[in-house]
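A.B. asks: Coordinates for the following, if possible.
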Amino acid sequence: MNKILNPTRRSLLAGAAGLLTPLPVMAQALSGQQPSGGGGGGGGQSAVIDVDHARAAPIPIAIPDLNGGDGSAGQMGQNIAGVISNDLANCGLFRLIDPSAFIQAKIPPNGTPNFANWKPTGAQALVTGGVSTVGGGQLRVEFRLWDVLPQRQIQGTAYTTTQANWRRIAHIIADVIYERLLGEKGYFDTRIVYISATGPRDRRTKRLAIMDQDSENNRILTDGSWLVLTPRFHPTKDEIAFMSYANNRPRVYLFDLQTGRQSVLGDFAGMTFAPRFSPDGSSVIMSVADGGGSDIVTVDLASRASRRLTNSGSIDVSPCYSPDGSQITFASDRGGDQQIYVMGAGGGGAQRISFGNGHYATPVWSPRGDLIAFTRYAGDTSNFAIGVMHPDGSGERILAEGWDVEGPTFCPNGRVLMFWHQERGGSSRLETVDITGFNDRPVRTPTDATDPAWSPLGA
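C.D. replies: Modelled structure (predicted):
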């Protein structure tokens with residue numbers, strides 16, 4: 001059975017204009033194979049476990065190069081296996097078996113591994129497959145996922161797309177492996193939008209930038225003429241909401257990733273900032289400056305009608321919907337200092353949920369709905385922290401601390417946070433950390449970077 005994966009959303013950055021063009025991926029299921037040389041399945045522990053167990057004992061997995069012969073297809077098979085390996089290794093839940101331990105490094109794409117050769121390596125999971133070119137310069141990538149000890153095929157899929165789209169195929173395969181072995185969606189076929197910062201510390205040039213989650217395909221989206229901040233992805237379209245100081249009027253803009261077109265959102269007398277899309281993508285919620293304070297408003301994207309949700313006379317900022325759209329979390333100083341509040345999606349009834357030592361900012365709801373991430377500031381730039389709490393304020397945990405760490409964003413499955421970290425010398429970088437606080441990793445960018453936002457899966 002064939003199916004097309006996200007034909008109208010996910011794109012590669014292409015063309016001299018730097019715009020995004022859709023490149024669909026066709027997926028076809030492959031039938032299961034029986035073990036060779038043994039006449040049936042073997043005994044032993046399955047590689048399929050849950051995330052909590054994988055944190056304590058990462059799944060040992062062997063990923064030989066995908067078969068493709070000695071030409072360009074062979075090099076492509078090696079490249080794809082490398083991206084899959086990096087995705088799985090970087091998440092901290094898999095342990096890659098060293099290729100020097102492989103006894104049977106070449107397995108035909110439609111063949112079955114000799115499991116007796118793989119058990120001594122310690123691998124519990126094995127990836128095999130092949131790469132070939134088909135009509136019209138298309139690329140066909142077959143892969144199979146094997147559970148080594150029970151000697152069974154867990155997954156078999158063939159993907160067809162343009163040759164330029166090979167990295168995305170690798171990320172999709174890594175997501176399938178993650179899901180089949182851990183029981184929940186992965187997050188590798190995603191992108192990050194962020195602010196690229198260059199120039200002297202007192203005259204920084206800030207531009208919108210976008211890249212794959214593994215730091216590849218990095219592109220600059222704006223020319224740096226005006227300061228830009230806080231980009232956020234649309235949940236279903238190739239569109240970003242962000243704040244721009246264009247023409248010295250700080251306002252929220254929409255950026256169409258397909259055309260490069262920018263447009264102002266709303267017509268307000270005061271500054272608009274801190275935008276986020278609603279879960280269904282029909283509106284944007286943001287803050288609007290009003291006198292000495294700011295209120296939270298929504299703007300319907302179809303009619304451009306606005307609705308004010310708070311009018312407290314305080315500074316209400318950084319609104320974010322819950323995944324089901326029924327609630328909103330935001331930061332406010334209405335109680336004297338800045339804390340995190342939760343209210344209904346229609347406004348009113350706001351309840352404070354943060355009660356720790358310090359000021360709280362940039363709340364963002366997990367896609368799973370179980371946590372709210374935040375920045376906590378306890379008095380000076382050496383005392384910043386990234387943390388999470390439950391939506392009722394219970395269970396607060398600090399995941400990362402340091403000199404000016406700010407702005408968390410969740411990956412699509414809610415298992416990893418990305419944030420930005422400014423060093424004492426002024427340089428800034430992106431980092432990721434698991435929601436339990438382990439596997440804190442730097443994220444590679446070609447320039448200093450701030451304000452990351454994670455895309456939905458496949459976006």
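A.B. asks: only C-alpha atoms for contact and neighbour calcs from this point on.
C.D. replies: Fine.
A.B. asks: helix/strand/coil for Asn79?
C.D. replies: helix (DSSP: H, G, I helix; E, B strand; the rest coil).
A.B. asks: where does the stretch 251-400 of the chain dip in pLDDT?
C.D. replies: Along the stretch 251-400 of the chain, segments meeting pLDDT under 70 span 379-382.
A.B. asks: in it, which spans are strands?
C.D. replies: When assigned using DSSP state E, counting those that start in this stretch, the strands of the stretch 251-400 of the chain occupy the ranges 251-256, 262-264, 272-277, 283-290, 293-300, 306-308, 316-321, 327-332, 339-344, 351-352, 359-365, 372-377, 384-389, 397-402.
A.B. asks: Same question for the stretch 101-250 of the chain.
C.D. replies: Going by DSSP E, counting those that start in this stretch, the stretch 101-250 of the chain shows strands at 125-134, 138-147, 152-162, 191-198, 205-212, 219-220, 228-233, 239-244.
A.B. asks: TSV for those, including mean neighbour count and distance to Ile84?
C.D. replies: Formatted as TSV, the strands of the stretch 101-250 of the chain follow (neighbours: other CA atoms under 10 Å; distance: least, CA to CA, whole Å):
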stretch	mean neighbour count	distance to Ile84
strand 125-134	23	10
strand 138-147	23	11
strand 152-162	20	15
strand 191-198	25	16
strand 205-212	22	14
strand 219-220	17	22
strand 228-233	25	25
strand 239-244	24	27
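A.B. asks: closest to His53 out of the strands of the stretch 251-400 of the chain?
C.D. replies: Closest of these to His53 is strand 397-402, at 19.4 Å (criterion: CA to CA).
A.B. asks: Give the other helices and strands that that closest one contacts.
C.D. replies: strand 384-389 (3 or more CA pairs under 8 Å, 6 or more residues apart in numbering; DSSP states H and E).
A.B. asks: from the chain's centre, how far out does stretch 283-295 sit?
C.D. replies: 27 Å (CA atoms, centre = their mean, to the nearest Å).
A.B. asks: How about the contacts made by Trp454?
C.D. replies: Contacts for Trp454 (CA atoms under 8 Å, 6 or more residues apart in numbering) come out as 190-193, 232-233, 409-412, 418.
A.B. asks: Okay, now the unreliable bits of the stretch 101-250 of the chain?
C.D. replies: Those would be none, if you go by pLDDT under 70 across the stretch 101-250 of the chain.
A.B. asks: Repeat the analysis, applying 80 as the threshold.
C.D. replies: Scanning the stretch 101-250 of the chain for pLDDT under 80 picks out 105, 109.
A.B. asks: So what's the residue count around Ala331?
C.D. replies: 25 (other CA atoms under 10 Å).
A.B. asks: re earlier: quick one: closest of the strands of the stretch 251-400 of the chain to Gln422.
C.D. replies: strand 397-402 (8.7 Å).
A.B. asks: Having no further points to raise, I will conclude here.
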